[in-house]
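Structure, please.
(2 chains)
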Amino acid sequence: MMTRHIITAGTALSLLTVLFTACSTLPVIRPLDAAGTKAAAERCRRPFLDAPHRFVHAIEAGITERSMGTVLGVTLFDPTSGIVRSAILTLEGFVLFDARYDKGVEVFRAVPPFDAPRFGENMMDDIRLIFLAPQGRLLRAGTRENGDIACRYEDPRGQTVDVIVRPDDAWEIVTYGNQNEPLRMVEAFSVKNRIPEAVTLTGFFTVDYKLRLTLVSAEPISPEEVKKH
Amino acid sequence: MTTSLFSHAKMPTCCVSIVLAAMFLSCFPMPGRAASWEEVQKEAAKITSINARFTQSKHMSILARPLISQGRFYFQAPDSVRWEYTSPVKSILLMNRGEIKRYTMGSRGLVEDAAGSLQSMQVVLREISQWSQGRFTENEHFSATLKGGKYPKIILTPKERGMAKMISRIVISLSADRPGVMESVAIFENEGNHTLFAFADVVINTPLDEALFRKSQ
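The predicted model follows:
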């Protein structure tokens, strides 16, 4: 009997959650005058570097804080072509995963369990969200209630992408699904010359997960260097 | 999705254990000119402790310059190890009397890894126990070849196809002009992708504080 009650309560909670997320609305972006809108749209590009770069990060990752593991990540990207090359290494230097994105994902190396279906696609989605400006239509540019500059895009998959830029250049990106449910959130901290010292990415899927990227090095590279890799 | 896999990033066991064992081996004095496996075993038996600084250089085609990691390595016979990275990420692996712990510096400070993620490191202990006795030919994953000459080398090649996909070979170079000293260990994963371990300030057979192998600080 007790079990039945628990199941019933659990089911009710799930239903409430579904109802809540189904009815959830996107955060308000207050409109500005024409000049303000233009300036806000420009400022929303600030988190995304204009030139190709190579980044090395220490990456803490896990489902919960307790299960955080640390790896090294090497990422090359070209904002113009959209090409991304990324590798994940153990601290001992062993390459666990190596892939390239150029309108599609090509995996060069995937050591179990990094060979799981769609791991490459999902990882490239995360990387492109962090480093490349949102694709698709700009729906709105203005300010959040706290005064932060914010822009809302509709990406080609129909998801909503909000980019928020704070006065200290720290920034936040949140993606929402068709029911306005949050899918992923990226937060950048300690931004110097447009490069954040730390970035966190939280995924709100069946199981929430979190990445924390701490900058090891960042350097501009040529478009050819990204292309040849 | 993505990150559920990162919690297993210490895997794959065999590769990590081989990397660690190779690194361990690289600061092990070897007989000059490396005439035979018997000599290697004889020299290995003389080692009671090692204390060395190391530099790990990761070479990849996508890196303009190698990715450098540095740290310190301690070994106390028969199987106590402290493998400590000081940069770019502070990380300490302790092995002592069959107990294995790893601490990594992150957003919450220096935190001990979950116990489950280290069960696989028992393999490392087994490898180290074998290699510390100079028993390189008994490795279940790699065949060992000893090459003499002016620049002696030990070359380890994978026995299984699955392993060969991950590590193509390990080349341990012995010093040409300093008999008994290792020059470097290179672990080749595939074309344009290898890791080089180099050791400096190697001190052998001096007493080490037992706490080094128990405490992260």
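
Just confirm residue A:201 contacts residue A:210, I think it does.
Yes: applying CB atoms under 8 Å as the test, residue A:201 and residue A:210 come out as touching, 7.1 Å apart. For the C-beta atoms, the positions are set from N, CA and C on the backbone; glycine is no exception.

of those two, who's got more company?
In this view residue A:201 and residue A:210 are compared by other CB atoms under 10 Å in any protein chain shown, and residue A:201 has more residues nearby, 23 against 20.

which residue sits closest to the more buried one, ignoring its sequence neighbours?
If the residues on either side of it in the chain are set aside, residue A:201 comes closest to residue A:211, at 4.4 Å by CB to CB, 6 or more residues apart in numbering or on different chains.

and the one you found, how many neighbours?
Here the number of neighbours of residue A:211 (other CB under 10 Å) works out to 24.

same question, residue A:140
Applying other CB under 10 Å, we find 19 residues neighbouring residue A:140.

which element is it on?
When elements are assigned from DSSP states H and E, residue A:140 belongs to strand A:137-143.

strands paired with that strand, and their directions?
Strand pairing for strand A:137-143, using DSSP bridges, gives strand A:30-31 (antiparallel), strand A:149-154 (antiparallel).

Out of these, which one sits most buried?
Highest mean neighbour count of these: strand A:149-154, a mean of 22 (counted as mean count of other CB atoms under 10 Å in any protein chain shown).

contact partners of that one?
Counting by CB atoms under 8 Å, 6 or more residues apart in numbering or on different chains, strand A:149-154 makes contact with A:26-27, A:29, A:40-41, A:43-44, A:134-144, A:160-166, all of which sit outside it.

what's the distance between the strand holding residue A:140 and the middle of its chain?
When distances are taken as CA atoms, centre = their mean, to the nearest Å, strand A:137-143 is centred 18 Å away from the chain's centroid.

Can you tell me what sits against that strand?
Outside of strand A:137-143, the residues within contact range by CB under 8 Å, 6+ apart are A:29-32, A:36-38, A:40-41, A:44, A:149-154, A:160.

run the last query once more with 10 Å
For strand A:137-143, the surrounding residues in contact (CB atoms under 10 Å, 6 or more residues apart in numbering or on different chains) are A:26, A:28-33, A:36-44, A:149-156, A:160-164.

Averaged pLDDT, stretch A:84-93. What do you get?
The pLDDT scores in stretch A:84-93 average 93.

Regarding the most centrally placed residue in chain A, what is its secondary structure?
In chain A, the C-alpha nearest the mean C-alpha coordinate belongs to residue A:129, at 3.9 Å (CA atoms, centre = their mean). What DSSP: H, G, I helix; E, B strand; the rest coil gives for residue A:129 is helix.

mind checking pLDDT for residue 57?
Using chain A here. The pLDDT attached to residue A:57 in the predicted structure is 97.

hmm, I had chain B in mind actually
At residue B:57, the model reports a pLDDT of 96.

next one: the one 4 residues further on
Predicted confidence (pLDDT) for residue B:61: 94.

now the helices: where do they sit in the chain?
Going with chain A. Secondary structure of chain A, counting by DSSP state H: helices at A:2-23, A:34-43, A:119-131, A:223-228.

Sorry, I should have been clearer: chain B.
Under the criterion DSSP H, helices of chain B are mapped to B:13-26, B:37-44, B:122-131, B:161-166.

Name all residues that make contact with the residue nearest to residue B:107 when sequence neighbours are not counted.
Ranked by CB to CB, 6+ apart and with sequence neighbours excluded, the top spatial neighbour of residue B:107 is residue A:212, at 5.5 Å. Applying CB under 10 Å, 6+ apart to residue A:212 gives the contacts A:57-62, A:68, A:70, A:187, A:189, A:198-202, B:106-108.

What about those residues, which are in strands?
When the contacts of residue A:212 are checked against strands using DSSP state E, the ones located there are A:57-62, A:70, A:187, A:189, A:198-202, B:106.

From those, which shows the smallest pLDDT?
The member of the ones in strands among the contacts of residue A:212 with the lowest pLDDT is residue A:62, at 80.

Is that residue in contact with residue A:210, as I believe?
Yes: taking CB atoms under 10 Å as the definition, residue A:62 is a contact partner of residue A:210 at 6.3 Å.

Buried residues in stretch B:40-53, which are they?
For stretch B:40-53, a neighbour-count test (16 or more other CB atoms under 10 Å in any protein chain shown) marks B:40, B:43-44, B:47, B:50-53 as buried.

Those into a markdown table, with extra columns for pLDDT and distance to residue B:171?
Shown next, in a markdown table, are the buried residues of stretch B:40-53 (pLDDT from 0 to 100; distance: CB to CB, whole Å):
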| residue | pLDDT | distance to residue B:171 |
| --- | --- | --- |
| B:40 | 70 | 16 |
| B:43 | 72 | 19 |
| B:44 | 70 | 19 |
| B:47 | 79 | 22 |
| B:50 | 84 | 21 |
| B:51 | 89 | 25 |
| B:52 | 87 | 19 |
| B:53 | 90 | 21 |
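
Between these, which sits nearest residue A:80?
Within the set of these, residue B:53 lies nearest residue A:80; the separation is 43.1 Å, counting by CB to CB.

orientation of the strand holding residue A:140 relative to helix A:34-43 in degrees?
Taking axes from the mean of the first three to the mean of the last three CA atoms, to 10 degrees, one finds strand A:137-143 and helix A:34-43 inclined to each other by 110 degrees.

Save the strands paired with strand A:137-143 as CSV, and put in mean pLDDT too.
Rendered in CSV, the data for those read as follows (pLDDT from 0 to 100):
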stretch, mean pLDDT
strand A:30-31, 96
strand A:149-154, 98
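
would a markdown table of those with distance to residue A:175 be doable?
Rendered in a markdown table, the data for those read as follows (distance: least, CB to CB, whole Å):
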| stretch | distance to residue A:175 |
| --- | --- |
| strand A:30-31 | 21 |
| strand A:149-154 | 10 |
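
and of the ones you listed, who's closest to residue A:123?
strand A:149-154 (21.5 Å).

And that closest one, how far out from the chain middle?
The offset between the C-alpha centroid of strand A:149-154 and the centroid of the whole chain comes to 14 Å, using CA atoms, centre = their mean.

Just the CA trace of that strand, in CSV.
Once non-C-alpha atoms are left out, strand A:149-154 reads as follows in CSV (Å, rounded to 0.1, in the frame of the first residue of the first chain):
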residue,chain,number,x,y,z
ILE,A,149,22.1,43.1,-22.3
ALA,A,150,20.3,40.2,-23.8
CYS,A,151,19.5,38.8,-27.3
ARG,A,152,17.2,36.0,-28.3
TYR,A,153,17.8,33.9,-31.4
GLU,A,154,15.9,31.1,-33.1
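
returning to what we had before: now the buried members of the contacts of strand A:149-154.
Neighbour-count burial (16+ other CB under 10 Å) is assigned, among the contacts of strand A:149-154, to A:29, A:40-41, A:43-44, A:134, A:138, A:140-144, A:160-165.
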